[in-house]
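Q: Here is a sequence together with a model predicted from it:
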Amino acid sequence: MRRVLSLVLSLLLAGTTLPAQRRPRVDIILPTNATSADGPTVRGVNLLADAQIGDLLKNGFPVRAHYRLELWSVSGVFNDLEATVPWDDWVRFEPLNKRYSVFRIVGDGGLTPFGLFDTIEASDLALSRPQRVTPSLRKGHKYYYSVVLEVESLQVSDLDEVERWLRGELKPAVRGERNPGTALGRGLRTLFVRLLGGERRHYEARSATFVAE
């Protein structure tokens, strides 16, 4: 409980104002020839510069950056959603070696490890590795891309496990085969941080409109 209260206090005292160059954001970068079918590159920048996100990561909460790139066609009054491409970047603290593991998961393409890093700053740089997306374009049609990025430092499964334990569904914990304090502690941290509103960040970006050739 003392560790939980210490984490809550640190989150309350952490400053959230950052210099412009350190503010988290998501970028869409069109190819040099914006009319080509090469597709854009997308990257999140300074995602761990947020004080609360960084503190949560150091205290054992993995950070998930969920991207959703959308291709929109421009036609008359209404725009049409042509394609959606999601992927996830993850970073987590490995307590055994005290390093940060960063990896990317794209659809069914499997996991791409970015490596192990000694500092949050190095992990943040790895998270900014761009992802190229190549949706199909129809010649002569007008398009633009938009991207939504959700950076999340908690998993609902932590709270679910505590609720199941309180209902007596985790029988091994009751028999002593599993320490219920572990689940309960994670659940308390989840509740505290969700009340503070410090576990999720939302970013958006949109490209310029272009005509496919």
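A: Sure thing, it's come through. Residues are numbered from 1 along each chain as shown.
Q: Excluding its own residues, what touches the helix or strand where Leu81 lies? List them.
A: If you go by DSSP states H and E, Leu81 is part of strand 78-94. Defining contact as Cβ atoms under 8 Å, 6 or more residues apart in numbering, one finds that strand 78-94 is touched by 44, 48, 57-58, 60, 62-73, 99-107, 116, 123, 126-127, 131, 133, 135-136, 143. C-beta coordinates here come from the backbone N, C-alpha and C atoms, glycine included.
Q: mind checking how far Thr41 is from Ile29?
A: Using Cβ to Cβ, to the nearest Å, Thr41 is found at 5 Å from Ile29.
Q: joint contacts of these two?
A: With contacts taken as Cβ under 8 Å, 6+ apart, Thr41 and Ile29 have Pro130 as neighbours in common.
Q: Next up, the contacts around Glu152.
A: Glu152 makes contacts with Val63, Arg64, Ala65, His66, Glu199, Arg200, Arg201, as judged by Cβ under 8 Å, 6+ apart.
Q: Recalculate using a threshold of 6 Å.
A: Arg64, Arg200 (Cβ atoms under 6 Å, 6 or more residues apart in numbering).
Q: what are the bridge partners for it, then?
A: The partner list for Glu152 in beta bridges (DSSP bridges) reads Arg64, Arg200.
Q: try Arg206
A: Beta-bridge pairing of Arg206 under DSSP bridges involves Ser146.
Q: Show me what counts as buried in stretch 128-135.
A: Within stretch 128-135, the residues that qualify as buried are Gln131, Val133, Pro135, counting by 16 or more other Cβ atoms under 10 Å.
Q: Which pLDDT does the model give the last one?
A: Looking back up the chat, that one is Pro135. On pLDDT, Pro135 comes in at 85.
Q: Relative to Arg129, how far out is it?
A: With Cβ to Cβ as the criterion, Pro135 and Arg129 are 20 Å apart.
Q: Likewise for Leu69?
A: To Arg129, Leu69 is 15 Å away according to Cβ to Cβ.
Q: how deep is Leu81 tucked in, by neighbour count?
A: Counted by other Cβ atoms under 10 Å, the residues lying close to Leu81 total 10.
Q: Just list whatever residues bridge to it.
A: Listed beta-bridge partners, Leu81: Trp72 (assigned using DSSP bridges).
Q: lowest-pLDDT helix or strand in the chain?
A: Using mean pLDDT, DSSP states H and E, the weakest-scoring helix or strand in the chain turns out to be helix 171-174, at a mean of 46.
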